[in-house]
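> coords below, sequence missing:
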């Protein structure tokens, strides 16, 4: 994530809100709406309704922030698998919100106490759609984020090229042939005016977390002040994580990452 602290917070809020909402719906459907009498329903349902509204609001806010971080651009929302799955999730979420609004209206009108069966059916529909949302989310979290897919849009058959940005400099990375086995890596540093940026020290690692391969150091040889090259053997196919660090002075350095599909 380009903003790790923010991502940790919004992920925690997202998961916590979902747990409160989905767990509460399950308790309503399985226990309260089946066994509660009119007095119990009249006491508990308005309280639950307020908690559900709070949880859904937090869920929506965290989801928006999370989406902005992981998608980054409108085109990535439409042109990447991650973005398309996110659109499906948003559509399902809007649908379940419609059902939830119907249930909330029944609670406000005190209909839930007299007709718990109607509310229970609405809750089961809400739960069913939410299960589908969780299924989409399961696929979503296994898909490279849209911002990463957009970064690797320069991938061609047998070749990878991308420009990675940081607040200090830009790094152009080229990997050839971007396939299992021996690969040649070239790194070019540019300042914010697109001029070659001298680099005092380069560092690079490659890892494949999905296969349990820990970061591998890539020995780099400077060919000029702003250009370095290295050779690495990538033993397996998959989405490899490149981590590149360029130190421009004793106190200034930048680290960028790229996801490189090796096929």
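It's in. Just so it is clear, the structure is predicted and the values come from calculations on it, not from any experiment.

> in the stretch 101-250 of the chain, which spans are strands?
Listed in chain order, the strands found in the stretch 101-250 of the chain under DSSP state E, counting those that start in this stretch are 160-165, 170-176, 181-190, 201-208, 213-217, 220-224, 227-234, 238-247.

> distance to residue 82 and mean neighbour count for those - can I get that in TSV?
From N, CA and C alone the C-beta is placed, and that goes for glycine too. Converted to TSV, the strands of the stretch 101-250 of the chain look like this (distance: least, CB to CB, whole Å; neighbours: other CB atoms under 10 Å):
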stretch	distance to residue 82	mean neighbour count
strand 160-165	17	18
strand 170-176	21	19
strand 181-190	25	18
strand 201-208	19	18
strand 213-217	23	13
strand 220-224	31	14
strand 227-234	23	17
strand 238-247	12	20
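
> relative to residue 132, which of those strands is closest?
Closest approach to residue 132 among the strands of the stretch 101-250 of the chain (CB to CB): strand 238-247, 26.2 Å.

> figure out how far that closest one is from the centre of its chain.
19 Å (CA atoms, centre = their mean, to the nearest Å).

> now stretch 56-67
12 Å.

> hmm, who's touching it?
Identification of contacts with stretch 56-67 by CB atoms under 8 Å, 6 or more residues apart in numbering yields 6-7, 10-11, 13-14, 16-18, 21, 86, 93, 97, 100.

> quick revisit: quick one: which of the strands of the stretch 101-250 of the chain is nearest residue 136?
Comparing these by their distance to residue 136 (CB to CB), the top pick is strand 238-247, with 20.1 Å.

> just checking: what are the partner strands of that closest one?
Sheet pairing of strand 238-247 (DSSP bridges) gives strand 201-208 (antiparallel), strand 253-262 (antiparallel).

> quick check: residue 252 touching residue 167?
No: Residue 252 is not in contact with residue 167 according to CB atoms under 8 Å; the separation is 10.2 Å.

> looking at these two, which one has more neighbours?
Neighbours per residue (other CB atoms under 10 Å) separate residue 252 from residue 167, with residue 252 holding more: 11 against 6.

> which one is the more buried one nearest to, not counting chain neighbours?
residue 168 (6.1 Å; CB to CB, 6 or more residues apart in numbering).

> where does the one you found fall, phi/psi-wise?
Phi and psi for residue 168, reported as degrees, to the nearest 10, are phi -100, psi -40.

> count the residues that sit near it.
Residue 168 has 19 neighbouring residues, counting by other CB under 10 Å.
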